[in-house]
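Undergrad: Just the structure for this:
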Amino acid sequence: MSEPLTTPGEGFHPHLPDAGGQSERPLRTRLHHIRADALDGDTAQTGGMRRFAAVSGTTVGSEKLWMGQTHVAPSTASSDHHHGESETAIYVVSGHPEFVFLDDSGEQPEEVRLRTSRGDYIFVPPFVPHREENPDPSDEAVVVIARSTQEAIVVNLPRLYVLGDGEEA
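TA: Next comes the predicted model:
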């Protein structure tokens with residue numbers, strides 16, 4: 001037995017009974033269905049990328065989580081940036097995006113490129129400067145991002161650098 005699909009413009013749960021005159025129930029008392037065509041583009045951005053929020057404090061009242069999509073156009077690199085205190089998990093939906101950061105485990109900091117494919121995951125620790133690139137000349141790369149903060153923190157930077165011990169940007 002299947003419930004009808006929610007439809008944009010009908011509210012969060014059109015198939016559930018009315019609250020019977022009660023004031024609007026808090027966002028955190030029900031499940032939320034965020035349709036692919038209802039993602040919110042009014043979120044923090046980085047040059048070369050388009051971010052769309054699905055789950056955030058603004059869209060569904062989340063307190064500890066942000067989740068959405070990022071699209072990187074063909075032959076494009078994002079600005080260098082980090083995500084503040086937020087841990088970030090990335091799932092590659094399509095394309096072959098590359099994630100670039102500086103590794104200081106050797107004698108000199110070295111630029112490292114993580115080349116990915118559909119189905120791969122990337123973890124970005126808090127405050128780590130990085131950038132995303134899409135070297136493909138014809139297809140955009142699409143990733144799903146989950147963050148440990150309710151909004152998409154984006155701190156754009158003039159360059160990549162290595163964090164010192166205990167340093168936060």
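
Undergrad: what's the residue closest to the geometric middle of this protein?
TA: residue 145 (3.3 Å; CA atoms, centre = their mean).

Undergrad: which stretches of this protein aren't confidently modelled?
TA: 1-30, 32-33, 35-36, 38-48, 165-169 (pLDDT under 70).

Undergrad: how about the residue nearest to the centre of the chain, secondary structure?
TA: Recorded secondary structure, residue 145: strand (DSSP: H, G, I helix; E, B strand; the rest coil).

Undergrad: That one and residue 72, how far apart?
TA: Distance of residue 145 to residue 72, computed by CB to CB, to the nearest Å: 12 Å. All C-beta spots, glycine's among them, are computed from the backbone N, C-alpha and C.

Undergrad: rewinding a little: isn't the residue nearest to the centre of the chain right up against residue 68?
TA: Yes: counting by CB atoms under 8 Å, residue 145 does reach residue 68; the two are 5.9 Å apart.

Undergrad: what do those two both touch?
TA: 51, 152 (CB atoms under 8 Å, 6 or more residues apart in numbering).

Undergrad: any chance you could map the strands in this structure?
TA: 49-55, 66-72, 76-77, 81-82, 88-94, 98-103, 110-115, 121-124, 131-134, 141-147, 155-156 (DSSP state E).

Undergrad: Out of those, which is closest to residue 164?
TA: Closest approach to residue 164 among the strands of the chain is made by strand 98-103 (12.0 Å; CB to CB).

Undergrad: just checking, what packs against that closest one?
TA: The helices and strands touching strand 98-103, judged by 3 or more CB pairs under 8 Å, 6 or more residues apart in numbering; DSSP states H and E, are strand 110-115, strand 131-134.
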